[in-house]
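**Student:** Quick one, structure for this:
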Amino acid sequence: MEKIYSEYNVRGQFKRYTSFDRIESHDDAYLIGYLACDGGYVVNGGFPFMMVSSTQPKIIEHFQQTYCPDATIYNSGQKSSEKVNATNDVWELRFPAKMAKTFNRFGVFNYKLNRRVVGIPNKFFGGYIRGVIDADGFITVTHRKDCRTPRIRFFITHQSELYLADIQDKLSELYGLPTTLRQHGENVWRLQAQNTEQNKKFLSEIFS
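**Tutor:** Numbering: from 1, shown residues only. Below is the predicted model:
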């Protein structure tokens with residue numbers, strides 16, 4: 001569905017953005033899922049806004065082109081830490097503050113600890129969970145010596161146990177997918193799905 005843009009004025013320049021009251025596509029659901037796990041909530045001068053960053057520029061470019069085509073994408077360089085030795089540049093997009101109402105409707109316009117799964121139609125939940133996995137999840141394929149069939153598992157980490165419990169409930173309701181939810185370090189929780197055959201079916205469906 002083609003987006004209808006609104007405009008806002010920044011120092012005499014008109015810039016476009018789109019806001020929506022409901023999820024109408026897998027693209028919209030993917031955006032909200034990605035932000036729920038890897039979106040930054042920033043308060044600057046009393047005006048909160050959302051930002052997102054990634055080492056994969058195509059994801060950031062897609063968000064910009066679809067939702068705020070006049071916003072600037074910044075190259076933040078390599079961001080290393082004690083646990084991560086960065087080798088790729090990080091690309092950052094700041095969403096207009098005008099999109100706050102949209103993000104608030106779907107449970108992401110807050111710090112990570114307070115986010116929930118809100119307002120995602122069942123028919124677009126596949127797009128939502130793709131965004132979640134791309135942002136804060138990973139899929140593993142391992143081979144055991146005593147098993148000819150590869151073992152396929154996927155994991156999602158988040159600061160909020162309640163958020164992951166929301167995901168767990170939806171995966172059970174919509175896909176009959178068994179998962180476990182456990183604490184994974186201080187202030188971090190992990191949702192994991194370990195049944196290979198059910199994971200193959202589920203992942204094939206949402207990534208098809």
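**Student:** Skipping adjacent residues, who's closest to the one residue sitting closest to the centre of the chain in space?
**Tutor:** Centroid-nearest residue in the chain: residue 34, 1.2 Å away (criterion: C-alpha atoms, centre = their mean). Using C-beta to C-beta, 6 or more residues apart in numbering and skipping residues adjacent in sequence, the residue nearest residue 34 is residue 131, 3.7 Å away. Bear in mind the C-beta positions are built from the backbone N, C-alpha and C, glycine included.
**Student:** Please read off the pLDDT at the one you found from the model.
**Tutor:** Per-residue pLDDT puts residue 131 at 96.
**Student:** Would you mark the buried spots in stretch 183-193?
**Tutor:** Within stretch 183-193, the residues scored as buried using 16 or more other C-beta atoms under 10 Å are 189, 190, 191, 192, 193.
**Student:** Could you single out the nearest of these to residue 174?
**Tutor:** residue 193 (13.2 Å; C-beta to C-beta).
**Student:** Which residues are in contact with that closest one?
**Tutor:** Contacts for residue 193 (C-beta atoms under 8 Å, 6 or more residues apart in numbering) come out as 153, 154, 155, 171, 177, 178, 179, 199, 202.
**Student:** Show me where the chain has its strands.
**Tutor:** Along the chain, counting by DSSP state E, strands occupy 6-10, 13-17, 39-44, 47-54, 73-77, 90-94, 137-142, 151-158, 180-183, 189-193.
**Student:** elements contacting the shortest one?
**Tutor:** Spelled out, that is strand 180-183. helix 161-175, strand 189-193 (3 or more C-beta pairs under 8 Å, 6 or more residues apart in numbering; DSSP states H and E).
**Student:** rerun that using 6 Å as the cut-off
**Tutor:** Under the contact definition 3 or more C-beta pairs under 6 Å, 6 or more residues apart in numbering; DSSP states H and E, strand 180-183 sits against strand 189-193.
**Student:** Give the pairing partners of the strand it packs on; include direction for each.
**Tutor:** Take DSSP bridges as the rule and strand 189-193 pairs in its sheet with strand 151-158 (antiparallel), strand 180-183 (antiparallel).
**Student:** on that earlier part again, export the buried residues of stretch 183-193 to a markdown table and append columns for distance to residue 136.
**Tutor:** Formatted as a markdown table, the buried residues of stretch 183-193 follow (distance: C-beta to C-beta, whole Å):
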| residue | distance to residue 136 |
| --- | --- |
| 189 | 11 |
| 190 | 10 |
| 191 | 10 |
| 192 | 13 |
| 193 | 14 |
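**Student:** Quick one: distance of the lowest-mean-pLDDT helix or strand in the chain to the chain centre.
**Tutor:** When the helices and strands of the chain are scored by mean pLDDT, DSSP states H and E, strand 6-10 comes last with a mean of 86. In terms of C-alpha atoms, centre = their mean, to the nearest Å, the centre of strand 6-10 is found 26 Å from the chain centre.
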